[in-house]
Every structure is written in structure tokens, then in C-alpha cells.
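Peer 1: Provided below for reference: sequence and predicted model.
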Amino acid sequence: MASIPQSASMESEVTYRASANESQPTTGRALALTAMAYLPAVLCMMTVGVVVPFIDTLTRELGVSHAQIGLSIALFSIPSAFLATLSGGLIDKYGVRLAILVSLAITTLGSALASQAPSVLLFDGAMVLGGLGFAGTCVAGPCLLIAALEGRARTRAMSFFATFAPTGYAAGLLLAVPFSGAGGWRSALLTHAVLTLSAFLVLFWCLPQVRAVARNKPGPRSWESILSVIRSAGALRLAVAVALPNVVSYGTSLAAPSYLARVHHLTIGTSSAAVATAKIVAMVIGGLSIGQLLSRAVNASLLYGVMVLVGILAQGVLFFPESGITASTCALVVWLFAFGGMSGGAMALLPAVVRDPSRSGAASGLVNQFISIGSFAAPSIWLSMQSWTQYVLLAVSCLLVAFVALPAASRLTAR
């Protein structure tokens, strides 16, 4: 695989070694690295958020059923469901710069093709392409943070990065809102392609080559990284603990706009905007605050358990028909805050579960593969349910299993 050349304005390679006697990046550089990991994943995830408000329009214009459009959305998760762990091993070998740039290029192509799709078959193919780009960015992001940061800065960054999927979905909803009145799904997807292309050009100029270097030993082959991670019980349990809250969040995001519109007699544009705004506000605040708590040695398991209880209560209020739109919106904000705590707290344990930075790609890939397998099933399950009790019982079951699976971790410190 040929590497993409860097701009002359950037140093040829920036290498961070996990050594106690080397200085850490400045605060400004840490923020910049976090943004360069976070924004590509958000942009790639926006694809699903752009499509969801147009489900009814797509069924009419493409001449298919709601179930077929639900399958199209589910196909977005297929590449990462099958390839995330493998792609993580390749990222360990070839570096995160190449992975992020290639992934953004693939997502741009996928959204552009989807905007011109004359049939559901071609639309499905475009969604798979978009999912392939998403698989690269969601695995490469944690690799960049683990390789380039340490201590409190890395804990905060990993916790914040865990919010990329709901934030990206919400940003996609907001992008679709101006086009929803006229059913302009093609224009919305084309606009998304322009955004990802712009991000590609900016990152091509400013994204450095960050490579983790293990001291006193050669880097492992990609297949060795994959096998070592798959054999790790801690990594597998962490993958379950991260994946199930993400699946509940994804399913809630798919079901909430149409459910709230139906129960509270709103337009789909209004409910989508309410859901999107609540998601972005809650996820950003939740990700930042959870990162601060974890960086101050708050017990991760205790924090996770508290967030599970808060999330269960929020799910009950959100879907209870008599709650009213105001209470439901507030419950959605609380749920998303709780999800940020669960996902961010669990993802912050990734460096502790896999201590060798040269295997961070495989570990990140394993976690995202579990997320994607669950996310593939989420559209069909959540979009098929009608009763509020079904939504709540499924959420409770997933969250309790996730809590049991969370690896027992001592306090996270900045050491």
C-alpha cells in the first residue's frame, strides 16, 4: 500500500515514544490532535443522520418498502462489522494518516454516488462505501490518540472521542433539516460529500504522520496484533461494554424522530432538529465532563454503573407516551449524557486493557467491530418496534449486560 505524500509545510514524520523522559505535546497540540481524530469520524458517521429523515421520501422515489431502506441503513455497518479488527492491524502497520485520508476519500465517493443513485441497489452499494470509510476513521481515531498522547490528556481525549457516533448522527440530522421540507435527499447527500472532501483537503495539508514506536523490540505483524487482542479476555469484555450502549444509542437515534413525531404530533423536521440539538449538546458536555472526572482518578466501574442507572431511567421517560415533548426532550438529553459517561468511561480503559501502543489499532478495531455488529442489527430491531415498553425493556437488557461485561478496573490515573 503506497503512502500518501505529505505537504511540504509539514514535517515528514512526527513520532511519539511512550517514554517517561520525553515531553508531552502542548495543550494546543493535544487539542489539535484530538480534533484531527474526532472530526473525520464525525463526518463519516453523518451519512446515516443525513439519510434517516428521508426514509419516507426514499421509499417513494426508489419504489421500495421501509424495510428495504432500513436494510440500506444497516448495510452502512457491514464493512466495520467484518473488517474493523483487520483494518486495525493494517493501521498498526501503515499508520493513521494514510487510514484517515483514504477513509475520507471513500466516504466522499460514497455520498456522491448515493446522491445520484437511480435505484435501491446502487443506493445500497453507496451506503456500503460510506460504511467502509466510516470503519477506517472510527478505528484510526483512537490509534492516533493512544500513539500521540499520554496521561490525563489521553484519558480526556479518549473519553471525548467516544462521543463521535451520536454527534456525527446528530450533525447529519441537522444537515438534512434544510432539505427535508422539499424531500431533497440528493442535495443533502451531495452537500455531505462536499464537506468530507473539504475535510480531506484540510487534513492532507495539516495531519502529521503519527506512529507509535515500541521500545527495544520490533513492531508486531498485523496478524500477530489481531490474534493477541482476540485472545485477550479484557479486550473482549471491553468491546461488549462499549458496544451495547452504542447500539442502544444508535437504535434510540433511529427510532426517536419518527416516534416523537407520531406520539406528540410533530413534523419529522421539527422532531429531527430537536433530537439532533439535544444529542450534540449532551454529547459534547458529557464527553468533556466524563473525561475530566476520569483524569482525576474517579473509579471507572462506579461511574459506569451510575451512568447505567441514569440511562435506564432516561429511556423510560423518553419513550413513555404521557411524558410530553418537553419531558421527552429533557430525558433524551439525560440519556445522551449517560451514554457519554458509559461510552467515554469504557473507551478510556482501552489503553489500560491493551498496554502496547503497537497493538492499539487491532484493539480499537475489535471494539468497533463489536459496535458495528450490533449496529447492523439495530435498524431492523428498533424500527420494527411500536410500543414504548419494547424500547425500554430492550435498552435495560443491553445496559445491564454491558455493566456485567465491563472489565474490573482500578482507578485511572495520569501516570
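Peer 2: Good, I have the coordinates. Nothing here was measured: the structure is a model prediction, and the numbers come from that model.
Peer 1: just the buried positions in stretch 61-69, please.
Peer 2: By 16 or more other CB atoms under 10 Å, the buried positions in stretch 61-69 come out as 62, 64, 69. Where C-beta positions appear, they are placed from N, C-alpha and C, glycine not excepted.
Peer 1: can you give me the end-to-end distance of it?
Peer 2: Terminal residues of stretch 61-69 are spaced 11 Å apart (CA to CA, to the nearest Å).
Peer 1: picking up where we left off before, and the buried residues of stretch 61-69, which is closest to residue 31?
Peer 2: residue 69 (38.6 Å; CB to CB).
Peer 1: roughly how far apart are that closest one and residue 166?
Peer 2: When CB to CB, to the nearest Å is applied, the distance between residue 69 and residue 166 equals 21 Å.
Peer 1: what about the nearest residue to residue 46 once chain neighbours are set aside, how many neighbours?
Peer 2: Closest residue in space to residue 46, ignoring its immediate chain neighbours: residue 172 at 3.6 Å, by CB to CB, 6 or more residues apart in numbering. By the criterion of other CB atoms under 10 Å, residue 172 has 27 neighbours.
Peer 1: also residue 306?
Peer 2: Residue 306 has 14 neighbouring residues, counting by other CB under 10 Å.
Peer 1: got a list of what residue 40 touches?
Peer 2: 100, 103, 104, 137, 140, 141, 199, 203 (CB atoms under 8 Å, 6 or more residues apart in numbering).
Peer 1: now it: how far from residue 33?
Peer 2: Going from residue 40 to residue 33 by CB to CB gives 12 Å.
Peer 1: ok, now residue 405?
Peer 2: From residue 405 to residue 33 the distance is 30 Å (CB to CB).
Peer 1: the more surrounded of those two?
Peer 2: Comparing residue 405 with residue 33 by other CB under 10 Å, the one with more neighbours is residue 33, at 24 against 17.
Peer 1: so residue 407 sits in a strand?
Peer 2: No: assessed with DSSP: H, G, I helix; E, B strand; the rest coil, residue 407 is coil; it does not lie in a strand.
Peer 1: need the contact list for it.
Peer 2: Contacts for residue 407 (CB under 8 Å, 6+ apart) come out as 234, 237, 238, 241, 349, 353.
Peer 1: save the buried residues of stretch 61-69 as CSV, and put in pLDDT too.
Peer 2: Below are the buried residues of stretch 61-69 laid out as CSV (pLDDT from 0 to 100):
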residue, pLDDT
62, 90
64, 87
69, 85
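Peer 1: which ones among those residues are found in helices?
Peer 2: In helices, judged by DSSP state H, the following of the buried residues of stretch 61-69 are found: 62, 69.
Peer 1: from the buried residues of stretch 61-69, which is closest to residue 322?
Peer 2: Out of those, the member with the shortest distance to residue 322 (by CB to CB) is residue 69, at 30.3 Å.
Peer 1: quick one: that closest one from residue 154, how far?
Peer 2: For residue 69, the distance to residue 154 - CB to CB - is 40 Å.
Peer 1: next: residue 307.
Peer 2: For residue 307 relative to residue 154 (CB to CB), the value is 21 Å.
Peer 1: before we move on, which element is residue 167 in?
Peer 2: If you go by DSSP states H and E, residue 167 is part of helix 164-180.
Peer 1: not counting its neighbours along the chain, what's nearest residue 106?
Peer 2: residue 133 (3.8 Å).
Peer 1: rounded mean pLDDT for the helix or strand harbouring that neighbour, please.
Peer 2: Assigned by DSSP H and E, residue 133 belongs to helix 120-148. The pLDDT scores in helix 120-148 average 89.
Peer 1: report the angle between that helix and helix 164-180.
Peer 2: If you take axes from the mean of the first three to the mean of the last three CA atoms, to 10 degrees, helix 120-148 sits at 140 degrees to helix 164-180.
Peer 1: quick one: buried residues of helix 120-148?
Peer 2: 120, 123-148.
Peer 1: now it: how far from the chain's centre is it?
Peer 2: Distance of helix 120-148 from its chain centroid, counting by CA atoms, centre = their mean, to the nearest Å, is 10 Å.
Peer 1: switch the contacts of residue 40 over to CSV; also include distance to residue 261.
Peer 2: Below are the contacts of residue 40 laid out as CSV (distance: CB to CB, whole Å):
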residue, distance to residue 261
100, 36
103, 33
104, 33
137, 31
140, 36
141, 33
199, 31
203, 37
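Peer 1: and stretch 146-164, how far apart are its ends?
Peer 2: In stretch 146-164, first residue to last residue: 16 Å (CA to CA).
Peer 1: looking at the buried residues of stretch 61-69, which is nearest residue 332?
Peer 2: residue 69 (23.4 Å).
Peer 1: quick one: low-confidence parts of the stretch 1-150 of the chain?
Peer 2: Residue ranges of the stretch 1-150 of the chain with pLDDT under 70: 1-25, 84-89.
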